[in-house]
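S.K.: I would like to see how this sequence folds:
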Amino acid sequence: MSERVRLTDALALAAQPREREYAIHDTAMQGFMLRVQPTGARSWVFRYRRDGKPPRRVTLGKPGAVRADQARASALAFLAREKGGGKTLPPPPSGPTLRTFAAEYVDRRSPAWKPSTVKATMSYLNSAILPALGHLRVGSIARADVARFFHGYGRRRPGGANRCHEILRAMFDCAAGWGRRPEAAGNPCKGIARYRRPPRGRLLGADDLAKLGAVLRRLEGKWPLRAAAVRLILLTGCRPGEIRGLRWCEVGADRLALIDAKTGPRYVLLGDAARELLNGLADRASGEWVFPGRNGDGPLSKNELNYFWTRARDEAGIVTDARLHDLRHAHASHAVMNGESLHVAGRLLGHRRASTTNRYVHLDDATLSQASERIATAIERKLHAAKRRGAVVLSGAPGTAARQDSGAMR
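M.R.: Purely as a prediction, here's the structure:
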């Protein structure tokens, strides 16, 4: 079903969906129309025929993101280039600039973000993304524009370029969903391969943990809370920030009920050693924080705990690039080395994807050697079993044949 009328922005926004898709044709330009789908989605469309070939249809954008006069001008430019035998012209610049859209994006999405996410996103937008791309129209940015920025920035900061890629990809998805970018234009971040980064993290093996335990026992006389915090990170696999900011209201009889973990609220089950450690701290607790800072009016600061970890690590003789976060890796690694599955280790750490846990797990040479020995032994056992079965068949066949021959002779 189709209608004919002078297409305007007001008419396009007021068009109501029907049971079936329909089009409203423009009386000012043949082939230019507004398509309205049963879902309520609307789009400017230009339909044309060239050299007797079947008609082609080009989507020019959505009302609200692209004005009627812009879409009509785009259709005229497209037709002019087609008649001239050249390549198809892209639609003219449409939608708000990326800088304007970024403000809308942050305003609408940030209420669901953590403060650290807001801070990081704004930092990358203001320092890298908007200076390079902010002046471009969000509806007209192409993959080449994003690739030029991504690889230029990646030569200096590949990790930062990967983070910018994530931010831009989410922004363009929202731009299409909110009608700020034509759906037909797609997401310009797709097809741009991110930089592969070497995995971070060090394995703290049995010897490292033994040396670390000795140092913690020696230092806990002077810094009992900091030593206890390091122990609890290792015993629970929690993130250092989750332990530093732990409140007594989050500590239960057999679990921690973390209110604001990285992936949202979650429970952390406690083993006997962790429960004993927390019970000892509870006997002399005096505030809301399990690990209060130096002034007592807030949690243990990141700098305070990192300073203590650096000293303990150096005195224990552990590799100098081992991070406090590697204690969380150690929890996962030793869980797997002690027979737990990757799935169980991931659940203990609060991971949503097994691939994340896989990056955390580091296995020592002894564990890999034992696994290799078990696999080789199993294969060797099967090889010998096959050899024995073959011997039975070969030794039994002549006897059988002999008995058959003697029977025939009789």
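S.K.: quick one: buried residues of stretch 317-325?
M.R.: 318, 322-325 (16 or more other Cβ atoms under 10 Å). Placement of C-beta: from N, CA and C, glycine included.
S.K.: pLDDT score for residue 59?
M.R.: Confidence at residue 59, expressed as pLDDT, is 87.
S.K.: List just the nearest of the buried residues of stretch 317-325 to residue 306.
M.R.: residue 324 (6.2 Å; Cβ to Cβ).
S.K.: Just to check, that closest one is in contact with residue 309?
M.R.: Yes. Between residue 324 and residue 309 there is a contact under Cβ atoms under 8 Å: 4.5 Å.
S.K.: any common contacting residues for those two?
M.R.: residue 230 (Cβ atoms under 8 Å, 6 or more residues apart in numbering).
S.K.: which secondary element of the protein has the worst mean pLDDT?
M.R.: When the helices and strands of the chain are scored by mean pLDDT, DSSP states H and E, helix 354-360 comes last with a mean of 51.
S.K.: Show me what the helix or strand hosting residue 170 is packed against.
M.R.: Assigned by DSSP states H and E, residue 170 belongs to helix 158-177. Judged by 3 or more Cβ pairs under 8 Å, 6 or more residues apart in numbering; DSSP states H and E, the packing partners of helix 158-177 are helix 98-109, helix 115-124, helix 143-154.
S.K.: Take these and write them to a markdown table, including distance to residue 70 and mean pLDDT.
M.R.: Putting the helices and strands packed on helix 158-177 into a markdown table (distance: least, Cβ to Cβ, whole Å; pLDDT from 0 to 100) gives the following:
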| stretch | distance to residue 70 | mean pLDDT |
| --- | --- | --- |
| helix 98-109 | 16 | 95 |
| helix 115-124 | 30 | 92 |
| helix 143-154 | 19 | 92 |
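S.K.: now those in JSON lines, with mean neighbour count?
M.R.: Below are the helices and strands packed on helix 158-177 laid out as JSON lines (neighbours: other Cβ atoms under 10 Å):
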{"stretch": "helix 98-109", "mean neighbour count": "17"}
{"stretch": "helix 115-124", "mean neighbour count": "14"}
{"stretch": "helix 143-154", "mean neighbour count": "16"}
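S.K.: for the stretch 1-150 of the chain, what spans make up the strands?
M.R.: 2-5, 22-26, 32-36, 42-48, 56-61 (DSSP state E, counting those that start in this stretch).
S.K.: Just the CA atoms of stretch 61-76, as CSV, please.
M.R.: Output in CSV follows, covering the C-alpha atoms of stretch 61-76 (Å, rounded to 0.1, in the frame of the first residue of the first chain):
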residue,chain,number,x,y,z
GLY,A,61,18.6,7.4,7.0
LYS,A,62,15.9,7.7,9.6
PRO,A,63,13.7,10.6,10.4
GLY,A,64,15.0,12.4,13.4
ALA,A,65,18.6,11.6,12.5
VAL,A,66,18.3,12.8,8.8
ARG,A,67,16.0,15.6,7.8
ALA,A,68,13.7,15.3,4.8
ASP,A,69,15.5,17.9,2.8
GLN,A,70,18.9,16.2,3.6
ALA,A,71,17.5,12.8,2.5
ARG,A,72,16.1,14.3,-0.7
ALA,A,73,19.4,16.1,-1.5
SER,A,74,21.2,12.8,-0.9
ALA,A,75,18.8,11.0,-3.4
LEU,A,76,19.4,13.7,-6.0
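S.K.: Can you name the residues in contact with it?
M.R.: Outside stretch 61-76, the residues that touch it by Cβ under 8 Å, 6+ apart are 7-9, 12-13, 26, 28-29, 31-32, 34, 41-44, 46, 58, 60, 89, 91-92, 94-95, 139, 179-183.
S.K.: Any of those buried? List them.
M.R.: With burial judged by 16+ other Cβ under 10 Å, the buried subset of the contacts of stretch 61-76 is 7, 12, 26, 29, 31-32, 34, 42-44, 46, 58, 60, 91-92, 94-95, 139, 179-183.
S.K.: Of the strands of the stretch 1-150 of the chain, which shows the lowest average pLDDT?
M.R.: Among the strands of the stretch 1-150 of the chain, strand 2-5 has the lowest mean pLDDT, at a mean of 74.
S.K.: Note down every partner strand of that one and its orientation.
M.R.: Strand 2-5 pairs in its sheet with strand 22-26 (parallel), by DSSP bridges.
S.K.: buried ones in the strand it pairs with?
M.R.: For strand 22-26, by 16+ other Cβ under 10 Å, it's 22, 24-26.
S.K.: Could you do stretch 220-234 as well?
M.R.: Quick answer for stretch 220-234 (16+ other Cβ under 10 Å): 220, 223, 225-234.
S.K.: With secondary structure and distance to residue 104 as new columns, can the residues you listed be given to me in TSV?
M.R.: Conversion of these to TSV gives the following (DSSP: H, G, I helix; E, B strand; the rest coil; distance: Cβ to Cβ, whole Å):
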residue	secondary structure	distance to residue 104
220	coil	52
223	coil	48
225	helix	45
226	helix	44
227	helix	48
228	helix	46
229	helix	41
230	helix	44
231	helix	46
232	helix	42
233	helix	40
234	helix	44
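S.K.: Distance to residue 282 and pLDDT added to these, as JSON lines?
M.R.: Below are the buried residues of stretch 220-234 laid out as JSON lines (distance: Cβ to Cβ, whole Å; pLDDT from 0 to 100):
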{"residue": "220", "distance to residue 282": "17", "pLDDT": "89"}
{"residue": "223", "distance to residue 282": "19", "pLDDT": "92"}
{"residue": "225", "distance to residue 282": "13", "pLDDT": "92"}
{"residue": "226", "distance to residue 282": "17", "pLDDT": "93"}
{"residue": "227", "distance to residue 282": "16", "pLDDT": "93"}
{"residue": "228", "distance to residue 282": "11", "pLDDT": "93"}
{"residue": "229", "distance to residue 282": "15", "pLDDT": "93"}
{"residue": "230", "distance to residue 282": "18", "pLDDT": "92"}
{"residue": "231", "distance to residue 282": "15", "pLDDT": "90"}
{"residue": "232", "distance to residue 282": "13", "pLDDT": "91"}
{"residue": "233", "distance to residue 282": "18", "pLDDT": "89"}
{"residue": "234", "distance to residue 282": "19", "pLDDT": "84"}
